[in-house]
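Chemist: here is the input, now give the coordinates:
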Amino acid sequence: MGRRIKTITTRVALATLIVLTLLAFSGCENALQAYVFSKLFGPGWKIESWQGPEKVLPSQDYTTLSNGFPQVIGISNDGKIHVVLYEVNSFNWLYTVKEPGANAFQEPHGTFQSGIYSVSPPSMVLLLNDLPVIAYADRNGGGPSYNLCYQEKQPGGLATWGSQQIIYNHPTRIDRVFMYFLATDSLKPRFFYLADDKVYHTYRDTGTSIDPDPPEEFLSTALQASVFQLGTDDVGLVYSTSSQSLSYTRFRDNSPAVIWSTADPQVEITSVSALADGNGKIHVVLGTRNPTDDQNPLYYFYRYLTNAGGSWSEKGSFNGSATMGPMVTYAPELTITRDRDGAGHLHMIYTVWELPLSFFVWYAYFDEAGLQVAEESLDDSRNAILPSLISDDAGCLHVLYSDYISELNRELYYMKGIPEKSQ
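Modeler: Okay, here's the model as predicted:
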């Protein structure tokens, strides 16, 4: 009887697999098709090769400020690559798109004129209609205050953007803006921003009104911070409360807990990047340096932490070296791709610096054996800095970075990481 049940089960599974495969090839359901392909023919998650680099703005030089993150990248459900970048000569945000299968990005269009200049890196969300919305901080008329700003893309060509909306005028500099659309906010934008070594939050209630007004102080001390989405209705925050202590909390249940600390005077926190993989794991890459090392003051460590297994622990670290150069202080860019079983895997793009003035963008990933660093930089022919990173549902990585030509002359490049073929 047991053997008969096993035979019937095997036949049912085989028949189900055949039906699912036929449905996938017939194109009856996109989600079903994607699922079947991912299980039967889908690629692995490790990056096998890189395409590029290609210039994002082929017909003009790209200039930007030296102290800001100049661009953000997004992938919509229809396969378009969206890029928003800041151009300092015209004080203008630019927007461009690369269509699926296209050989180049389209000529960019300015979304609007900024005030004096924008030093905050933008935050971009692609809505269900595949139209981007962006949030950023803009210096208010050259004075000490900064505007928290928001703008929506409208249907139509690259130039069809809605008007700039000033959400709030903060009395001091805003260092970073994060924006999310959460379920219990009726999918209206909620903003988190870093200013005064604190984290503030608010969301757009109706029209241009916000709640709370003024934005509420959420974290009273956050020297370095990373804000990331948890599911459909929550946000996680990893932040430093001192130069030697790192904490984690959630927006919906603000119960801060220390997840890493040290009393070593040779260790000081310089940056933090974090994100969740959707399966309950949170990944943190912590930048640290030795403030007492006068001989090598620019050499930095990256330390990898995760809550996998139910408790926080440091899983590995790596540092600048004579061959790789020192790590620069920019927080590394992180993204997650999934394997055929749905498990999430962490990828990382970061910048190293070789004296006197050479920058390189490097790639690393984490697997069962720990940190794996690529054998060479992505682009050896340019001074590559300020990378942005995102992944798509096919497991491809999309990287933007600036070629540092001079202090106010940089060009933006794009590369695509292709995952290994199905085994």
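Chemist: mind jotting down where the strands sit in the stretch 101-250 of the chain?
Modeler: 109-113, 123-126, 132-139, 146-152, 165-170, 174-181, 189-195, 198-204, 210-219, 225-230, 234-242, 245-250 (DSSP state E, counting those that start in this stretch).
Chemist: possible to save those strands as a markdown table with mean neighbour count and mean pLDDT?
Modeler: Quick note: C-beta positions are derived from backbone N, CA and C, even for glycine. As requested, the strands of the stretch 101-250 of the chain are exported to a markdown table (neighbours: other CB atoms under 10 Å; pLDDT from 0 to 100):
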| stretch | mean neighbour count | mean pLDDT |
| --- | --- | --- |
| strand 109-113 | 16 | 66 |
| strand 123-126 | 19 | 87 |
| strand 132-139 | 24 | 87 |
| strand 146-152 | 22 | 90 |
| strand 165-170 | 17 | 92 |
| strand 174-181 | 22 | 93 |
| strand 189-195 | 23 | 95 |
| strand 198-204 | 20 | 95 |
| strand 210-219 | 16 | 95 |
| strand 225-230 | 22 | 95 |
| strand 234-242 | 21 | 96 |
| strand 245-250 | 19 | 97 |
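Chemist: Throw those strands into JSON lines and include distance to residue 379, thanks.
Modeler: Converted to JSON lines, the strands of the stretch 101-250 of the chain look like this (distance: least, CB to CB, whole Å):
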{"stretch": "strand 109-113", "distance to residue 379": "27"}
{"stretch": "strand 123-126", "distance to residue 379": "24"}
{"stretch": "strand 132-139", "distance to residue 379": "26"}
{"stretch": "strand 146-152", "distance to residue 379": "31"}
{"stretch": "strand 165-170", "distance to residue 379": "37"}
{"stretch": "strand 174-181", "distance to residue 379": "26"}
{"stretch": "strand 189-195", "distance to residue 379": "30"}
{"stretch": "strand 198-204", "distance to residue 379": "34"}
{"stretch": "strand 210-219", "distance to residue 379": "37"}
{"stretch": "strand 225-230", "distance to residue 379": "26"}
{"stretch": "strand 234-242", "distance to residue 379": "29"}
{"stretch": "strand 245-250", "distance to residue 379": "32"}
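Chemist: helices of this protein, start to end?
Modeler: Taking DSSP state H as the criterion, the chain contains helices spanning 2-26, 30-40.
Chemist: contacts only, for residue 270.
Modeler: 224, 287, 288, 289, 300, 329 (CB atoms under 8 Å, 6 or more residues apart in numbering).
Chemist: nearest to residue 275, out of the strands of the stretch 101-250 of the chain?
Modeler: Among the strands of the stretch 101-250 of the chain, strand 225-230 comes nearest to residue 275, with 4.5 Å by CB to CB.
Chemist: which strands border the closest one, and is each parallel or antiparallel?
Modeler: strand 234-242 (antiparallel) (DSSP bridges).
Chemist: show me what the strand it pairs with is in contact with.
Modeler: Under the criterion CB under 8 Å, 6+ apart, residues 178, 180, 182, 190, 192, 199, 218-219, 221-230, 246-252, 259, 269, 272, 274, 276, 282, 284 lie in contact with strand 234-242.
Chemist: repeat the analysis, applying 7 Å as the threshold.
Modeler: Residues from elsewhere that reach strand 234-242 (CB atoms under 7 Å, 6 or more residues apart in numbering): 180, 192, 199, 219, 221-230, 246-252, 269, 272, 274, 276, 282, 284.
Chemist: show me how far that strand is from its chain's centre.
Modeler: Strand 234-242 sits 16 Å away from the centroid of its parent chain (CA atoms, centre = their mean, to the nearest Å).
Chemist: and the angle for it with strand 198-204?
Modeler: Angle, strand 234-242 to strand 198-204, by axes from the mean of the first three to the mean of the last three CA atoms, to 10 degrees: 160 degrees.
Chemist: picking up where we left off before, worst average pLDDT in the helices of the chain?
Modeler: When these are compared by mean pLDDT, helix 2-26 comes last with a mean of 41.
Chemist: hmm, residue 94 is touching residue 110, no?
Modeler: Yes: between residue 94 and residue 110 a contact is recorded at 5.7 Å, counting by CB atoms under 7 Å.
Chemist: show me what contacts residue 250?
Modeler: Here residue 250 is in contact with 230, 234, 236 (criterion: CB under 7 Å, 6+ apart).
Chemist: that one and residue 411, how far apart?
Modeler: Distance from residue 250 to residue 411, counting by CB to CB, to the nearest Å: 40 Å.
Chemist: so in terms of bridging, what pairs with residue 71?
Modeler: Beta-bridge pairing of residue 71 under DSSP bridges involves residue 85.
Chemist: any idea how many residues pack against it?
Modeler: 25 (other CB atoms under 10 Å).
Chemist: same deal with residue 286?
Modeler: 27.
Chemist: what's the pLDDT at it?
Modeler: So residue 286 comes in at 90 (pLDDT).
Chemist: show me what residue 49 is bridged to.
Modeler: Note on residue 49: beta-bridge partners residue 418, judged by DSSP bridges.
Chemist: that one and residue 418 touch, don't they?
Modeler: Yes: assessed by CB under 7 Å, residue 49 is found in contact with residue 418 at 4.9 Å.
Chemist: more neighbours, these two?
Modeler: Set residue 49 next to residue 418 and count neighbours by other CB under 10 Å: residue 418 wins out with 15 against 9.
Chemist: got a list of what the more buried one touches?
Modeler: Here residue 418 is in contact with 47, 48, 49, 51, 396 (criterion: CB under 7 Å, 6+ apart).
Chemist: buried subset of these, written for PyMOL?
Modeler: Restricted to buried positions by 16 or more other CB atoms under 10 Å, the PyMOL selection for the contacts of residue 418 reads:
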select buried, resi 47+396
